[in-house]
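In: Curious how this folds, go ahead:
(one chain, ligands or ions: 2)
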Amino acid sequence: MTVADRSLTLLRPMTHLRPAAALAFLLLATLACAPSEPDARSSSGSTQTPATLPAHGSQPGDESRDKTGGNGGAPTEPTDDATDGTGLPAEVRAAIDASLAELFGTFENPRYERLDSWGEIGFDPSIDAYSSAGAASSGDATAAREEFARSASTRWMTELEHVRRGDFQSVHLPEYALALLIEIHELGRKTPLAERDEALRGFVEAKIVDWYPTLAEARSIYHVHCESCHGAQGRGDGPTSFGHDPRPRDFTSGTFKFTSRVSRAKPTRADLLRTLSEGLAGTGMASYGGLSRAELEGAIDWVRWLALRAAVERELLATYEIDGEISEDAAHEAYASAWDAWLSAESRAVPVPTPTPTVTPERVARGRELFLDPKKGNCAQCHGESGRGDGPASYTLEPGGVKQSIVDDWGHPIRPRDLVEGKFRGGRKPEDVYRRIYAGINGTPMPALGDSKDANGAPLLSEDELWDLAFFALSLKP
Ligand code: HEC
Ligand code: HEC
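Out: Ligands and ions are numbered 1, 2, ... in the order given. Next up, the predicted model:
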């Protein structure tokens, strides 16, 4: 039995475990070399692509959903009535899938078609995690790489110990680094112990520390850590998604709630990294801070791939509705504009005035007035006068006086936040809350006050008033 086979059999039970526990489980199980029963799915003997990865064909429930993503990437077999079950002619579905495959590869073999404009702006999707990290800190990609290496050294401490002892066979990495693991084990097998000098150990150490996932490996990271909730195709419909309130995010919608950008802009890598490393307080989205920076960035790469691909697919379906056909040009245009939405987010930050003012009782008192004032903040209509999330606009009244919860863009019930409880998912620094009030929360009824104008077209709230509201919101937790 190969290393690959052993890892495969472990994929299933892991997905519902917490990340740290899951990894420990994998390491222990692999270390023990227990000849675990290969299950039917892993008997195919494939190495790189675990057989338990979700099939890219239709998922249960596809037909009741909208037309987007009726098929995860594989060309659809023509059905008897020559539609894909959603009323879309089979040849149109096939044309869309062919375009998607050209631009994104497949789920098994993902890639990106290069855009000419990337050359001009010096963008490369396979290494932008380093450059954006560099831009955020010192503007220096070398410093960014050092930061990645530091986090990998902590994450793989035990494994690096084996390497330093020259004991390559004891190195066990999660299955998404399988190619690397196999390479290391091969080296260990081929090189007699006596010859495993410093240089070789240094070489292997560098491989582990510098590892950055390919898109295929990124998908595998997602499969292990995220898919049970967010679903194989990122629709937020994984097997464990249904118990969650709020539901896990549907990445194919392209809507992200907790960004540092103006209303409706895409998140930056840094925004997604913050969500992953800190989690979202009070929701099923836990912190993944125990993973290495490269693993986190890999998960982000996959979330972006899913969202971009879904955006292009949606656009192509819309084009077909209007033009009755799908041209290659349309596909490339949709691709370029989908990327543009993500890349332009970098320049669309919420303008947060600096420095952050000091909180004073006067500011909090003014914030309270704005919070209650129907002509100004008007927050109380949703959040309630006491901030408990029970204002009159937090529900609608059905005939017969039955209270119905308001819903988010995905049609799920949503409550205005209980601010007395004091969980701030977008961060709890005054500038985080300022941003939240300015940009609102995408996909939810929480409005973007920074965009709101008064009757004369002037900004409804001044910068000072936005700070006052932020300080008041933060003051509600006893
Ligand atoms: C146990 C279920 C669960 C798992 C596992 C999980 N998430 Fe989530 N995730 C959620 C929930 C629930 C939300 C929605 C929270 C909300 O709407 O406030 C969410 C939201 C998100 C968001 C949206 C943030 C935003 O600004 O809108 C991202 C991105 C995300 N998760 C990424 C991931 C990634 C990547 C992984 C794997 C490393 C992962 N999640 C694993 C439950 C989960
Ligand atoms: C139309 C209803 C509505 C109005 C008006 C409204 N909110 Fe909200 N607010 C919400 C909802 C819904 C959420 C929860 C969204 C979520 O977590 O998905 C929320 C969440 C928040 C949060 C939590 C942010 C975080 O990072 O987790 C803050 C703070 C907040 N609102 C402040 C305000 C303030 C201040 C105002 C007035 C300027 C206001 N809201 C007006 C509906 C509203």
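In: For Pro248, which residues are in contact?
Out: 229-231, 236, 238, 241, 284-285 (C-beta atoms under 8 Å, 6 or more residues apart in numbering). Backbone N, C-alpha and C define where each C-beta goes, glycine included.
In: From those, keep the buried residues only.
Out: 229-231, 236, 238, 241, 285 (16 or more other C-beta atoms under 10 Å).
In: This structure against ligand 2: which residues are in contact?
Out: 246, 257, 371, 377-379, 381-383, 393, 414, 416-417, 419, 424-426, 433, 436-437, 441, 444-447, 449, 469, 473 (C-beta under 6 Å from any ligand atom).
In: filter the residues you listed down to the ones close to ligand 1.
Out: Within the residues of the chain next to ligand 2, those near ligand 1 by C-beta under 6 Å from any ligand atom are 246, 257, 425.
In: Just name the closest of the residues you listed to Pro192, please.
Out: The shortest gap between Pro192 and any of these belongs to Arg425, at 54.8 Å (C-beta to C-beta).
In: where does the closest one land on pLDDT?
Out: Arg425 is assigned a predicted lDDT (pLDDT) of 96.
In: count of residues packed around it?
Out: 20 (other C-beta atoms under 10 Å).
In: Please look at it and Phe256 and confirm they touch.
Out: No. Under the criterion of C-beta atoms under 8 Å, Arg425 is not in contact with Phe256, lying 11.7 Å apart.
In: Just give the closest residue to Gly238, not the sequence neighbours.
Out: Gly231 (4.3 Å; C-beta to C-beta, 6 or more residues apart in numbering).
In: Now do the helices in the stretch 351-478 of the chain.
Out: 361-372, 380-383, 430-439, 463-475 (DSSP state H, counting those that start in this stretch).
In: and the last one, what does it pack onto?
Out: Right, helix 463-475. helix 361-372, helix 430-439 (3 or more C-beta pairs under 8 Å, 6 or more residues apart in numbering; DSSP states H and E).
In: and these, which is most packed in?
Out: Among those, ranked by average contacts under mean count of other C-beta atoms under 10 Å, first place goes to helix 430-439 (a mean of 22).
In: Check the average confidence over that one, would you?
Out: So the average pLDDT for helix 430-439 ends up being 98.
In: contacting residues around it?
Out: For helix 430-439, using C-beta under 8 Å, 6+ apart, the contacting residues are 258-263, 350-352, 356, 359, 424, 426-427, 446, 448-450, 466-467, 469-471, 473-474.
In: How many neighbouring residues does the residue nearest to Met285 when sequence neighbours are not counted have?
Out: Closest residue to Met285 apart from its sequence neighbours, by C-beta to C-beta, 6+ apart: Gly279 at 5.4 Å. Counted by other C-beta under 10 Å, the residues lying close to Gly279 total 16.
In: Spatially nearest residue to Trp118 (excluding sequence neighbours)?
Out: Asp124 (6.6 Å).
In: so what's the backbone phi/psi at the one you found?
Out: Taking degrees, to the nearest 10, you get phi -140, psi 110 for the backbone angles of Asp124.
In: need the helices for the stretch 101-250 of the chain, in chain order.
Out: Applying DSSP H, counting those that start in this stretch to the stretch 101-250 of the chain gives helices spanning 116-121, 128-136, 141-155, 157-164, 178-190, 198-210, 215-225, 227-230.
In: The ones you listed into JSON lines, with extra columns for distance to ligand 1 and mean pLDDT?
Out: JSON lines is the format used below for those (distance: least, C-beta to the nearest ligand atom, whole Å; pLDDT from 0 to 100):
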{"stretch": "helix 116-121", "distance to ligand 1": "23", "mean pLDDT": "92"}
{"stretch": "helix 128-136", "distance to ligand 1": "13", "mean pLDDT": "77"}
{"stretch": "helix 141-155", "distance to ligand 1": "14", "mean pLDDT": "93"}
{"stretch": "helix 157-164", "distance to ligand 1": "20", "mean pLDDT": "96"}
{"stretch": "helix 178-190", "distance to ligand 1": "18", "mean pLDDT": "92"}
{"stretch": "helix 198-210", "distance to ligand 1": "20", "mean pLDDT": "92"}
{"stretch": "helix 215-225", "distance to ligand 1": "4", "mean pLDDT": "98"}
{"stretch": "helix 227-230", "distance to ligand 1": "3", "mean pLDDT": "98"}
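In: ok so, going back, tell me, what's the model's pLDDT at the residue nearest to Trp118?
Out: 94.
In: Drop anything exposed from the residues of the chain next to ligand 2.
Out: 246, 257, 371, 377-379, 382-383, 414, 416-417, 419, 424-426, 433, 436-437, 441, 444, 446-447, 449, 469, 473.
In: and stretch 336-349, which residues are buried?
Out: Buried, per 16+ other C-beta under 10 Å, within stretch 336-349: 338-339, 341-343, 345, 348.
In: Give me the distance between that stretch and the centre of its chain.
Out: Distance of stretch 336-349 from the chain centroid (C-alpha atoms, centre = their mean, to the nearest Å) equals 16 Å.
In: contacting residues around that stretch?
Out: With C-beta under 8 Å, 6+ apart as the test, stretch 336-349 has contacts from 115, 117, 121, 123, 132, 254, 259-262, 265-268, 304, 307-308, 311-312, 315.
In: about what we covered before: ok, which of the helices of the stretch 351-478 of the chain comes nearest Gly87?
Out: When these are compared (using C-beta to C-beta), the closest one is helix 430-439, at 37.1 Å.
In: Spatially central residue in the chain, please.
Out: In the chain, the residue lying closest to the centroid (C-alpha atoms, centre = their mean) is Val303, at 4.2 Å.
In: residues in contact with Pro357?
Out: Contacts were defined as C-beta under 8 Å, 6+ apart; by that measure Pro357 touches 363, 464, 467.
In: That one and Gly422: what is the separation?
Out: 21 Å (C-beta to C-beta, to the nearest Å).
In: what about Asp323, neighbour count?
Out: For Asp323, using other C-beta under 10 Å, the count is 10.
In: The spatially closest residue to it that is not a sequence neighbour - how many residues pack around it?
Out: The shortest distance from Asp323 to any non-neighbouring residue, by C-beta to C-beta, 6+ apart, is to Ala330 (7.6 Å). Ala330 has 19 neighbouring residues, counting by other C-beta under 10 Å.
In: Touching, Ala330 and Ala318? I think so.
Out: No. Applying C-beta under 8 Å, one finds Ala330 not in contact with Ala318, separated by 9.7 Å.
In: how close does Gly298 sit to ligand 2?
Out: 26 Å (C-beta to the nearest ligand atom, to the nearest Å).
In: Next to ligand 1, which bits of the stretch 351-478 of the chain? Give me the list.
Out: Residues of the stretch 351-478 of the chain found near ligand 1 (C-beta under 6 Å from any ligand atom) are Arg425.
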